[in-house]
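S.K.: how does the following fold in three dimensions:
(3 chains)
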Amino acid sequence: MPPQTLEVRPRTPAPPIDIDRFSGGGGGGADPMRPGTAPASIAVWLLVASVTILFAAFTSTYLARRAESDWIVGPLPVALYVSTTLLLLSSVVLEWARRQGGRGRLEALRWGLGVATVLGAGFLAAQVAAWRQLAALGVFLSTNPHSAFFYLFTGAHALHVTGGLLGLLYALTEARRAPTADLALQTVDPATTFWHFLGGLWVYLFLMLFVL
Amino acid sequence: MTVTHTAHGAAEHALPWWRRYIFSMDHKVIGIQYLFTSMFMAVLGGFLAMLIRMQLGFPTAKFYWAQWLFPGGFANNQIKPDFYLAVVTMHGTIMIFFVLTTALSGGFGNFLIPLQIGARDMAFPFLNMMSYWLYPPAIIVLLASFFVTGGAASAGWTAYPPLSALRNAVPGSQVGQTLWLISLAILIVAFLFGSLNYITTILQLRTRGMSFTRLPLTIWGLFVTAILMLFSFPVLLAGAIMLLFDRTAGTSFFVPGGLVVGNQLVQHTGGNPLLWQHLFWFLGHPEVYVLILPPMGIVSEVMATNARKPIFGYIFMVGSIIAIAFLSFLVWGHHMFISGMNPLLGTGFMVTTLAIAIPSAIKTFNWLATLWRAKIRFHTSMLFAIGFISLFVTGGLTGIFLGSPAIDIYVQDTFFVVAHFHFVMASAALFGIFAGTYHWFPKMFGRMMNERLGRIHFWLTFVGIYATFFPMHFAGIAGMMRRIFSVSIYQHLQGLAWVNIFISLAAFLLGAAQLIFIYNLFRSIFRGPRAERNPWQATTLEWEADSPPPHGNFGPQLPEVHRWPHDFSVPGAPADFIPQTVPAGAVPAAVHGGSEESES
Amino acid sequence: MMPPGETDRAATRTAARNLSLGILLMVVVGGVGSFLIARARWWLPPEASTQAVEIDRLFYTTLAVTGIAFVLVHVLLALFVWQGGRRERAEHFAEHNTLELTYTLVPTAILVTLIAMGSVVWARVHQPAPADALLVEVRAEQFGWLFRYPGADGAFGRYEARLINTRTNPIGLDPADPAGRDDIVVRELHLVANRTVHVRLRSKDVIHSFFIPTFRVKQDAVPGMILNVVFTPNRAGHYEIACAELCGVGHYIMRGKITVEPQQAFDSWLASQAPAAP
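M.R.: Okay, here's the model as predicted:
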């Protein structure tokens, strides 16, 4: 279209809300066919949000059910202390590894990541042990309301931990292949975020089931 | 298929055909896959609707062909009550989750988002492919339930326990209900993958200059919808898991103690059926906006393009989409006014519910103002867009009755509700889908649809919808309950036989009219005249790409955006539209929020 | 097919006229007209309780408001469509704050009014039962209704699910509880004209909904809960209870019978019923 000069009628000024600061419409330069760091770290927060809502929904029924008169808190299997320790330790190691990666220490990053993954697998094993302990006591899914919620919460959480472990394993393979720590962090960072979230979620579930 | 691109090339690598058309990671292919699968399900769901109307309109007629088709569901050439309930349940489930949600979010969302924001694909193409490929398994599980003992789920699409939880409460609650829950769980995961992808893509992959105030309204609709889905579907997933446990593992989340069903004492204790309703409707109400926000966006855009005018009040339109989405999380209780929920809560939910009417009214009047002093092009897509306004208004206004709990006491669970949501949610969403299909068909397939057949399709559908669903109001006002097998038992329904015959005949017409669309669609895919790049002279980015767009969508350079999507009929401009890619200096840009000055 | 953008003007005008008339005739005239026709035959059942009058009044008010909005929007739509087919060039405008504020505030005002009216009726419907109300228990089951009067002592006897026997003890009355000895269990509901009823509603199996069209009463019967329903029938006669919540295969046949009669007739009916003591 040929350039023309014409008077422009003034209209509305820019909207008051600055909703553009998220990205400023930025993708143009890089080829967006290959998502870099940013999409994955946004996606992981969205994932965290939706898993939070899933457990919030569970929690709301839990709170409603707990208010009934027939509510009794079931036995606390010892294996849960082990599993909790393992998961928290795993988070700490992972955070250490991530920070090492931030300083460019790729080897430490790989090691930390590996140890954290093993600890995470240990968590799952300890959870299974906890279920077996309860089953040995005769406490099953349908035994009482508390046990139903216990198995529901731990089961749903364990499924997400399995997903998180797969994420860590993927990050591990990426980190082994990556030439620099920066590149490795592109996958390690979001995986770490999700892992910390799972740790926090577990502490929350544990407290809600047995303490609060 | 994603990484086959170099930064400056859109050459398609020679992938085997099954990677290109079946297990494709290209958002356009996935979008079209979603649309066709949804269409298949729509035919199925529509067919089930015809069975419902056969029974309600002609309860004494004999249907030999139906007996032959469903030997288990028919006896003496007439539908059996238990099969009728399964049909009602599956019609609702299929239409809401497997047709409208998938076609709008899955189909149009996938096809349009990267194209309209100027991206080459979604942020996570593999996840996108996964999202689509969870859909067919969900369908298979759902449809398999027709062939199991007891037949398909028959506790309604809302699946209220204990009816849905106890195996001997209704035949469909044997294996069918379990399959229903599993199918829905699979589909929810697919939706969550999809939403995650859409949100990330829209946040991260917008091309240079595509600020949020320049986003086409379709994208706004799809974006907010994705957020709604991400925040509401996990709640249904939680409910579905718990109901599944109640059914199969003997837990008592939703089933109280002391029940006797079929002369058997139920072994559950202490659950609460209302909890399921809260969880279900916390999803269920946002879900209806999941079905209506994308059509609102589609209609806004089709309307602006064919009215050759900017959409009136763009910022208000965006604002009302956000307001509706926010409020939709606070209104679920209006489905539960008479459920046994505390009446005080009812008052609160009335306030939030009627508050949602305000942004809806703003949108309606903005569409009207868009049409005011426009130069309208009556393409089929535009006919459907205008029809959308009518349906949305008609259905929205009856919502005011239902949102008022005192009136709701009477009309709840009657055909008044059925009429209401078939207008505002089902038909309006369908009109959005049709408007979008006629509008973007040239972009999808590189050919034009037949306008003459399109017009016939529009008129039959528009008349058919009013003739089918409008009289349902009267049936509801006269007190006809939902989901009943026959109106011949209750005294107060005796006079409704003729209303039901009329509705049924109209429904058959409506159903038959859709065959014209299907014929037109397939004929046009193969025989339609070639489409140019921008047949409607629209402004948004997808029209900068070839028709159909190649893999990677755009040429070596991604388009750059310099203006909002509605520069139609700008005074002094040489043409009556200025594409978003035209720089401000080239033609007089109407200054809009987020134009050139605010960018540099 | 003609290339878009060069659509013949005459064709556009015809399309505009058709759509405009279609909206006017079919939607507006058809919509309003069918309502007028329906009022004669397919309309609200007769009112037979005090709350029916109030709910219907609210219904008609809402109908008037929405009816006006329905006609207004469609007439505007038809008008703009008609004009839009004749214009040579669209006008370019995209915002008008006053206009938008108007159609934000006007609907708001109307809705606030409707909310206020609605909450008054809603609150009145849910008033607690007066002391002299007729107490009756309604128990829903697949697929029928069972009614229990407390008898002379004014108290219901205990019941237990495991004691239920369809023939001899349908309600599952506990024989050990003296309060249950004079309970009267019947399959037909008798009420007193102009005397408030206090229904204690419960369910034996799944969710049902206690729906009396002529009384404009509807309340879900939720297993595990006992819900209070209070209303005042004000016209003697025979009425019908319907189930309004999908409850299984027999949902469509789940009728119940109500007789509303003067106090004396009610008393003699009640006296003629044998206590249900198991």
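S.K.: give me the neighbour count for C:V222.
M.R.: 27 (other Cβ atoms under 10 Å in any protein chain shown). Using the backbone N, CA and C atoms, a C-beta is placed for each residue, glycine as well.
S.K.: is it true that it touches B:Q277?
M.R.: No: using Cβ atoms under 8 Å, C:V222 makes no contact with B:Q277, being 9.2 Å away.
S.K.: mind checking pLDDT for residue 32?
M.R.: I went with chain A, as the question did not name one. Reported pLDDT at A:P32 in the predicted model: 42.
S.K.: wrong one, I was asking about chain C
M.R.: 91.
S.K.: confirm it sits in a helix?
M.R.: Yes: C:V32 sits within a helix when classified using DSSP: H, G, I helix; E, B strand; the rest coil.
S.K.: tally up the residues packed near it, please.
M.R.: Each residue near C:V32 was counted by other Cβ under 10 Å, and the total is 14.
S.K.: also A:L63?
M.R.: Residues lying near A:L63 (other Cβ under 10 Å) number 10.
S.K.: chain B versus that one, what's the distance?
M.R.: With distances taken as Cβ to the nearest Cβ, to the nearest Å, A:L63 is found 10 Å from chain B.
S.K.: tell me the helix or strand right after the host helix or strand of that residue.
M.R.: Assessed by DSSP states H and E, A:L63 sits inside helix A:37-66. Per DSSP H and E, the first helix or strand lying C-terminal to helix A:37-66 is helix A:79-102.
S.K.: just to revisit the earlier point, can you give me how far the helix holding A:L63 is from the chain middle?
M.R.: 9 Å (Cα atoms, centre = their mean, to the nearest Å).
S.K.: is that helix anywhere near chain C?
M.R.: No: with Cβ under 8 Å from any Cβ of the partner chain as the criterion, chain C is not reached by helix A:37-66; the gap is at least 12.2 Å.
S.K.: what is that helix packed up against?
M.R.: Here helix A:37-66 touches helix A:145-177, helix A:181-206, helix B:176-204, helix B:217-248, helix B:273-307, going by 3 or more Cβ pairs under 8 Å, 6 or more residues apart in numbering or on different chains; DSSP states H and E.
S.K.: ok, and the closest non-adjacent residue to the residue in the stretch 501-600 of chain B that chain C sits nearest to?
M.R.: Nearest to chain C, among the residues of the stretch 501-600 of chain B, is B:S569, at 4.2 Å (Cβ to the nearest Cβ). Nearest residue to B:S569, sequence neighbours excluded (Cβ to Cβ, 6 or more residues apart in numbering or on different chains): C:A90, at 4.2 Å.
S.K.: how close does the one you found get to B:P310?
M.R.: 9 Å (Cβ to Cβ, to the nearest Å).
S.K.: what sits against the closest residue to B:I79 other than its chain neighbours?
M.R.: Closest residue in space to B:I79, ignoring its immediate chain neighbours: B:Q55 at 5.0 Å, by Cβ to Cβ, 6+ apart. Taking Cβ atoms under 8 Å, 6 or more residues apart in numbering or on different chains as the contact definition, B:Q55 lies against B:78-79, B:84, B:485-486.
S.K.: what angle sits between the helix holding A:L63 and helix B:273-307?
M.R.: When axes from the mean of the first three to the mean of the last three Cα atoms, to 10 degrees is applied, the directions of helix A:37-66 and helix B:273-307 differ by 140 degrees.
S.K.: what number of residues lie near the closest residue to B:A185 other than its chain neighbours?
M.R.: Distances taken as Cβ to Cβ, 6+ apart put B:A240 closest to B:A185, at 5.2 Å, once the chain neighbours are dropped. B:A240: 22 surrounding residues under other Cβ under 10 Å.
S.K.: show me what contacts B:A240?
M.R.: B:181, B:184-185, B:188 are the contacts of B:A240 under Cβ under 8 Å, 6+ apart.
S.K.: re the thing from before, list just the nearest of the contacts of B:Q55 to B:G172.
M.R.: Nearest to B:G172 among those: B:Y84, at 10.7 Å, using Cβ to Cβ.
S.K.: returning to what we had before: my guess is the residue nearest to B:S569 is in a helix, correct?
M.R.: No: counting by three-state DSSP, C:A90 falls outside a helix, being coil.
S.K.: contacts only, for the nearest residue to C:G30 once chain neighbours are set aside.
M.R.: The shortest distance from C:G30 to any non-neighbouring residue, by Cβ to Cβ, 6+ apart, is to B:Y466 (6.9 Å). Residues in contact with B:Y466, defined by Cβ under 8 Å, 6+ apart, are B:394, C:26-27, C:30-31.
S.K.: tell me the secondary structure for B:Y466?
M.R.: Per three-state DSSP, B:Y466 ends up helix.
S.K.: and if you look at C:V199?
M.R.: C:V199 is classified as strand under three-state DSSP.
S.K.: picking that back up, how much space between the residue nearest to B:A185 and B:F253?
M.R.: 11 Å.
S.K.: and the closest residue to A:P190 other than its chain neighbours, how many neighbours does it have?
M.R.: Leaving aside its sequence neighbours, A:P190 sits nearest to A:V44 (Cβ to Cβ, 6+ apart; 3.9 Å). By the other Cβ under 10 Å criterion, the neighbourhood of A:V44 contains 21 residues.
S.K.: cool, and B:G262?
M.R.: B:G262: 12 neighbours (other Cβ under 10 Å).
S.K.: give the contact list for it.
M.R.: B:168-169, C:142.
S.K.: if we go to 6 Å?
M.R.: The neighbourhood of B:G262, defined by Cβ atoms under 6 Å, 6 or more residues apart in numbering or on different chains, consists of B:N168.
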